[in-house]
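K.L.:
Quick one, structure for this:
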Amino acid sequence: MAKDSFIFYRSFYEAIKELKEKDRVKIYDAICEKSLNDNEVTLTGISNSMFTLIKPQIEANNQKYENGKKGGRPKKNREETTGFENKKAKQNQNKTLGLKNDTENKNLNKTETKANENEECRMNNENEECRMQNEEKLQQLFIKCLNSYNTFAIEECISFLDDLPCEIIEEALKKTGRIKQPNWNYCKSILDDWVKKNIDTIEKVNAENQEDIVGEVWKDD
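P.N.:
Okay, here's the model as predicted:
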């Protein structure tokens, strides 16, 4: 496997930056060699310990790269029979409305389309590129909210993308981050409960949180 590029996560940087320069260089070389060529570099001491935490994410990305080379969904074919008529109608419409208005509409449509694509990518776990973006978001938010680099727990958190939209998992991480001692087991219990109750939208999350607040008030009384 030979790649021209790879994803370098902020979590990698945060984990490595405090090491001595010679150890950082060794880990950077190991990351590049593993990510670009899928080759193992022999490390020792702290360099080996740190790379052991990073390695699973690199292997997961390499596997996705290999899967992507096998091909994805076929592109939809354009309808050829009405192509000329649609093009002619478009030209007539441009002449009627004016080039300026047409350009403004195109720019507006592009902006709206981009916003819709970003929102769809945030929710969508099936598209390979969106999936990778969501995984990176969750990894960074996990470290920020739980103050942990536990690779196994991060992978377990990411696996909930099979059952829940990305933004719902983000809500669970943020909710966990607000408690006194945030930990993965607490967050996992929230996600397991939401999967069981089919809580897959922000509206449902807000309703569930409201029920929790009411329940706590009732207990206090």
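K.L.:
Distance-wise, check the nearest residue to residue 3 once chain neighbours are set aside relative to residue 156.
P.N.:
Computed as C-beta to C-beta, 6 or more residues apart in numbering, the closest residue to residue 3 that is not its neighbour in sequence is residue 36, at 5.1 Å. Where you see a C-beta, it was placed from the backbone N, CA and C, and this is true even at glycine. Note on residue 36: its distance to residue 156, by C-beta to C-beta, to the nearest Å, is 27 Å.
K.L.:
quick check: domain ranges of this protein?
P.N.:
Using automatic domain parsing, the domain parsing of the chain gives 10-67, 87-123, 128-220.
K.L.:
Include mean neighbour count, mean pLDDT and distance to residue 4 when you put those domains into a markdown table, please.
P.N.:
Listed next are the domains of the chain as a markdown table, based on neighbours: other C-beta atoms under 10 Å; pLDDT from 0 to 100; distance: least, C-beta to C-beta, whole Å:
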| stretch | mean neighbour count | mean pLDDT | distance to residue 4 |
| --- | --- | --- | --- |
| domain 10-67 | 15 | 85 | 8 |
| domain 87-123 | 11 | 57 | 23 |
| domain 128-220 | 16 | 89 | 16 |
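K.L.:
With distance to residue 3 as new columns, can those domains be given to me in a markdown table?
P.N.:
As requested, these are exported to a markdown table (distance: least, C-beta to C-beta, whole Å):
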| stretch | distance to residue 3 |
| --- | --- |
| domain 10-67 | 5 |
| domain 87-123 | 22 |
| domain 128-220 | 14 |
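K.L.:
any chance you could map the helices in this structure?
P.N.:
Along the chain, the segments classed as helices by DSSP state H run 10-16, 21-37, 45-69, 83-97, 99-123, 128-146, 151-158, 166-177, 184-196, 202-220.
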